[in-house]
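Undergrad: got a structure for you, letters missing:
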Ligand code: BES
Ligand code: MN
Ligand code: ZN
């Protein structure tokens, strides 16, 4: 748990503000070097060092360009960082979030206790996005470090410089931003916990705690209930572990809701591959294989903060995929909640199985939109790399909305095709469906398999690159520690549906 920051708007200038690190955003100028007129007093206080440095570095304010200088006691701040923000019209929510996240991360890397952020003259700061960015950038997962390894201090204060008194909604915008940031960080915490700490039962307990804190609807099915309800595919996947599966359902149900959105997450708390066991090399990152479930639970904390007039459900299908005498086998044929039978071919293709039952359950809620998110295939990582997730949709209207939400969140995801040609690969001679295809098109065949369980629902499927990417560019949902990726996009979907 990273402590929330103390975030304040301050009427101050970069050369007078009391903060360890001052981060100043600069818009792109026609030619370099670009010392904006508003920064002349800062340059003067630093004896002209800033202008000289900008000249030397050919700083033009291009996006992602930055220069850092030590102030050596000339002004209250110890360090000044100028960050290029590119063109003014590109400086929307996502870019502001990135800017603040970078500032927080720079401050933390320099062991600072406080940071102050200054927007270019004439730019009205998006306070919610800035607060989101501060919280996201300040995230670290350090709870298991002891002694010398334990971080000595933490970033405590984040200031936003202003020239005049902030508007009436300022405090509320910052509070919402902080809660959204904390919600994404909750997803990251759950994802980063190792498999000996987070297993289906403890994951469900964590979700219950979130529900209680925010007065959300919460229902957890234990293994007996999972079996009683006929969730045979979750049974198949979870039976090889000494840790029983759990099925978690959270919901926010406001009066006069305009629409109903249901989010389903893959919650494999550890994926050994089962009897089709994975090679040793990268098995450890499979503690993150519940990132989809972590994301939908974190999402609910953000929803509780925003209180949209939209009904939102989060469903987490949790199991541990392990090999033992009771485990499911390649060649097995299992039923499903939906009724369809599945011929197993590889016990490492477990995610689509728990999701299939969860999607069939979710369908019964009659959502206007059904979304699932899963660290589903290595194939998607091969296709898109570790910094981009894939997404699929069976409906162009939903796809359009999702594209708009992605534009708003700034999260990097790429649409993939539901190629009908590949449907052949999941046909079975002995059951209704085959669990997986062969070598090629692995992300697509997994998506086609899931599609069999969504019925007529408008559906978005996210094949997430979470586990293999412990490092991601700042300003997305993530920084250190895998995932949290997709939460901001889902939240944007919900906010759009509430309009
Ligand atoms: N959780 C994995 C997918 C994965 C692997 C995500 C590495 C991120 C990094 C999933 O359960 C899996 O093992 N999928 C198999 C499916 C195959 C056996 C059909 C895969 O992608 O290799
Ligand atoms: Mn697997
Ligand atoms: Zn898996």
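TA: That came in fine, so what should we check first? Just so it is clear, the model here is predicted, and its values are computed rather than measured. Numbering: from 1, shown residues only. Ligands and ions are numbered 1, 2, ... in the order given.

Undergrad: For the rest of this, base every contact and every neighbour count on C-alpha atoms.
TA: Will do.

Undergrad: mind listing what the residue of the stretch 301-450 of the chain found nearest ligand 2 touches?
TA: Closest residue of the stretch 301-450 of the chain to ligand 2, Cα to the ion: residue 348 (3.6 Å). By Cα atoms under 8 Å, 6 or more residues apart in numbering, residue 348 lies in contact with 271-278, 321.

Undergrad: Tell me where the stretch 101-250 of the chain has strands.
TA: 114-118, 157-162, 217-221, 246-252 (DSSP state E, counting those that start in this stretch).

Undergrad: Keep only those of the contacts of residue 348 that are in strands.
TA: Within the contacts of residue 348, membership in strands is found for 271, 321, as judged by DSSP state E.

Undergrad: Of the contacts of residue 348, which fall within the contact range of ligand 2?
TA: Counting by Cα under 5 Å from the ion, residue 273 from the contacts of residue 348 sit close to ligand 2.

Undergrad: With distance to ligand 1, neighbour count and pLDDT as added columns, please give the contacts of residue 348 in a markdown table.
TA: Putting the contacts of residue 348 into a markdown table (distance: Cα to the nearest ligand atom, whole Å; neighbours: other Cα atoms under 10 Å; pLDDT from 0 to 100) gives the following:
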| residue | distance to ligand 1 | neighbour count | pLDDT |
| --- | --- | --- | --- |
| 271 | 6 | 27 | 96 |
| 272 | 8 | 23 | 98 |
| 273 | 6 | 21 | 98 |
| 274 | 9 | 25 | 98 |
| 275 | 11 | 19 | 98 |
| 276 | 8 | 16 | 98 |
| 277 | 9 | 16 | 98 |
| 278 | 8 | 15 | 97 |
| 321 | 9 | 30 | 98 |
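
Undergrad: show me what contacts residue 305?
TA: 176, 179-180.

Undergrad: Using CSV, lay out those residues together with distance to ligand 1 and neighbour count.
TA: Putting those into CSV (distance: Cα to the nearest ligand atom, whole Å; neighbours: other Cα atoms under 10 Å) gives the following:
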residue, distance to ligand 1, neighbour count
176, 32, 19
179, 28, 23
180, 26, 31
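
Undergrad: Let's see which of those residues end up in helices.
TA: Applying DSSP state H to the contacts of residue 305, the entries found in helices are 176, 179-180.

Undergrad: any idea which of those residues is closest to ligand 2?
TA: residue 180 (30.3 Å).

Undergrad: So that closest one versus residue 201, what's the distance?
TA: 26 Å (Cα to Cα, to the nearest Å).

Undergrad: With residue 31 instead?
TA: For residue 31 relative to residue 201 (Cα to Cα), the value is 59 Å.

Undergrad: So which of those two has more stuff around it?
TA: Set residue 31 next to residue 201 and count neighbours by other Cα atoms under 10 Å: residue 201 wins out with 22 against 10.

Undergrad: Where does the residue of the stretch 301-450 of the chain closest to ligand 2 sit: helix, strand or coil?
TA: Following DSSP: H, G, I helix; E, B strand; the rest coil, residue 348 is assigned to coil.

Undergrad: With residue 454 instead?
TA: coil.

Undergrad: Next up, the contacts around it.
TA: So residue 454 contacts 359-360, 363 (Cα under 8 Å, 6+ apart).

Undergrad: Make a markdown table from those and add secondary structure and neighbour count to it.
TA: Shown next, in a markdown table, are the contacts of residue 454 (DSSP: H, G, I helix; E, B strand; the rest coil; neighbours: other Cα atoms under 10 Å):
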| residue | secondary structure | neighbour count |
| --- | --- | --- |
| 359 | helix | 32 |
| 360 | helix | 20 |
| 363 | helix | 20 |
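
Undergrad: Mean pLDDT and distance to ligand 1 for the strands of the stretch 101-250 of the chain - can I get that in JSON lines?
TA: Output for those, formatted as JSON lines (pLDDT from 0 to 100; distance: least, Cα to the nearest ligand atom, whole Å):
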{"stretch": "strand 114-118", "mean pLDDT": "98", "distance to ligand 1": "35"}
{"stretch": "strand 157-162", "mean pLDDT": "97", "distance to ligand 1": "35"}
{"stretch": "strand 217-221", "mean pLDDT": "98", "distance to ligand 1": "22"}
{"stretch": "strand 246-252", "mean pLDDT": "99", "distance to ligand 1": "17"}
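
Undergrad: any chance of these in JSON lines, plus distance to ligand 2 and mean neighbour count?
TA: Shown next, in JSON lines, are those (distance: least, Cα to the ion, whole Å; neighbours: other Cα atoms under 10 Å):
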{"stretch": "strand 114-118", "distance to ligand 2": "42", "mean neighbour count": "26"}
{"stretch": "strand 157-162", "distance to ligand 2": "41", "mean neighbour count": "22"}
{"stretch": "strand 217-221", "distance to ligand 2": "23", "mean neighbour count": "17"}
{"stretch": "strand 246-252", "distance to ligand 2": "18", "mean neighbour count": "25"}
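
Undergrad: Which of those strands sits closest to residue 410?
TA: strand 114-118 (20.5 Å; Cα to Cα).

Undergrad: between the closest one and strand 157-162, how many degrees?
TA: Inter-element angle recorded for strand 114-118 and strand 157-162: 20 degrees (by axes from the mean of the first three to the mean of the last three Cα atoms, to 10 degrees).

Undergrad: show me what contacts residue 227?
TA: residue 235.

Undergrad: Return the distance of it relative to ligand 1.
TA: 22 Å (Cα to the nearest ligand atom, to the nearest Å).

Undergrad: try residue 325
TA: Distance, residue 325 to ligand 1, using Cα to the nearest ligand atom: 20 Å.

Undergrad: Make sure that residue is actually in contact with residue 239.
TA: No: using Cα atoms under 8 Å, residue 325 makes no contact with residue 239, being 9.4 Å away.

Undergrad: Give me the more crowded residue out of the two.
TA: Counted by other Cα under 10 Å, residue 325 and residue 239 do not tie: residue 239 has more neighbours, with 22 against 11.

Undergrad: quick one, what contacts that one?
TA: Contacts of residue 239 by Cα under 8 Å, 6+ apart are 245, 326-328.

Undergrad: So what's the residue count around residue 122?
TA: So residue 122, with other Cα under 10 Å, has 8 neighbours.

Undergrad: quick one: it from residue 64, how far?
TA: 20 Å.

Undergrad: so what pLDDT did residue 64 get?
TA: In the predicted model, residue 64 carries a pLDDT score of 82.

Undergrad: show me the residues around it that make contact.
TA: 83-86.

Undergrad: can we see that at 7 Å?
TA: 83-85 (Cα atoms under 7 Å, 6 or more residues apart in numbering).

Undergrad: any idea which of the residues you listed is the one closest to residue 160?
TA: Taking the contacts of residue 64 together and measuring to residue 160 by Cα to Cα, the closest member is residue 83, at 14.8 Å.

Undergrad: Please name the nearest non-neighbouring residue to the closest one.
TA: Distances taken as Cα to Cα, 6 or more residues apart in numbering put residue 66 closest to residue 83, at 4.4 Å, once the chain neighbours are dropped.

Undergrad: Flag every residue of the chain that's near ligand 2.
TA: Residues of the chain lying near ligand 2 (Cα under 5 Å from the ion): 273, 348-349.

Undergrad: Can I get the contacts of residue 305 in JSON lines including distance to residue 408?
TA: Shown next, in JSON lines, are the contacts of residue 305 (distance: Cα to Cα, whole Å):
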{"residue": "176", "distance to residue 408": "16"}
{"residue": "179", "distance to residue 408": "18"}
{"residue": "180", "distance to residue 408": "14"}
